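**Student:** predicted model and sequence follow; I will ask about them next.
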Amino acid sequence: MMSQPSDPNTVDMMHNCGLILRDCGEFKEARKKQAEVLELRRNTHGEHDSRTIRAMNTLAIMFRKLGMFGDAEDLMNRVLELCKEILGDRHSDTICVMNNLATTILKCGRLEEAEDLHKKVLELHKETRSWPFPCHFYHPSIEMSVS
């Protein structure tokens, strides 16, 4: 088990390092860094904290970029579940996560299911005008990634 960083900003810097690795196309290294961030967030803040949910979302996107669609879908489903529980079905961040999940389902080749979820995202957008991305997770306010 890894030791907890002594500086609270250290995990934020690790997260940012993972994003830089992702942006450089180093997806395997980015996944490792984001998995480490998620473990630290869960251990420090619990699963219902916005920082932990953000880390889950980021790791799920890493999984998808690496073709690990099952892992990506499982984690995105958990992120969606938490967003609905904390923010409600019609919050912009919940809609953002639904969009991420729909894209993952599409990558899995389940076209009808992806289309249905994308239609739901579009319908919710029309009703709530909860665009544009990036999404902001307001519990407290942090950015969620959309891909």
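**Tutor:** Arrived safely. Numbering: from 1, shown residues only.

**Student:** neighbours of K107, how many?
**Tutor:** K107: 15 surrounding residues under other CB atoms under 10 Å. Yep, even glycine has a C-beta here, placed from its N, CA and C like the rest.

**Student:** and the gap between it and A114?
**Tutor:** Computed as CB to CB, to the nearest Å, the K107 to A114 distance reads 8 Å.

**Student:** tell me the SS of the spatially most central residue of the chain?
**Tutor:** In the chain, the residue lying closest to the centroid (CA atoms, centre = their mean) is N57, at 1.4 Å. Taking DSSP: H, G, I helix; E, B strand; the rest coil as the rule, one finds N57 in the helix state.

**Student:** which non-adjacent residue is nearest it?
**Tutor:** Closest residue to N57 in three dimensions, ignoring its sequence neighbours and counting by CB to CB, 6 or more residues apart in numbering: V79, at 5.0 Å.

**Student:** only alpha carbons, please: show whichever helix or strand that neighbour is part of as CSV.
**Tutor:** For V79, the element it lies in under DSSP states H and E is helix 69-87. Taking Å, rounded to 0.1, in the frame of the first residue of the first chain, the C-alpha atoms of helix 69-87 are listed here in CSV:
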residue,chain,number,x,y,z
PHE,A,69,-13.6,-0.6,-22.8
GLY,A,70,-15.0,-2.9,-20.1
ASP,A,71,-13.0,-1.2,-17.4
ALA,A,72,-13.9,2.2,-18.8
GLU,A,73,-17.6,1.4,-18.9
ASP,A,74,-17.7,0.0,-15.4
LEU,A,75,-16.0,3.0,-13.9
MET,A,76,-18.1,5.5,-16.0
ASN,A,77,-21.2,3.8,-14.8
ARG,A,78,-20.1,4.3,-11.2
VAL,A,79,-19.3,7.9,-11.9
LEU,A,80,-22.7,8.4,-13.4
GLU,A,81,-24.3,6.7,-10.4
LEU,A,82,-22.5,9.0,-8.0
CYS,A,83,-23.3,12.2,-10.1
LYS,A,84,-27.0,11.3,-10.2
GLU,A,85,-27.0,10.6,-6.4
ILE,A,86,-25.1,13.8,-5.5
LEU,A,87,-26.2,16.3,-8.2
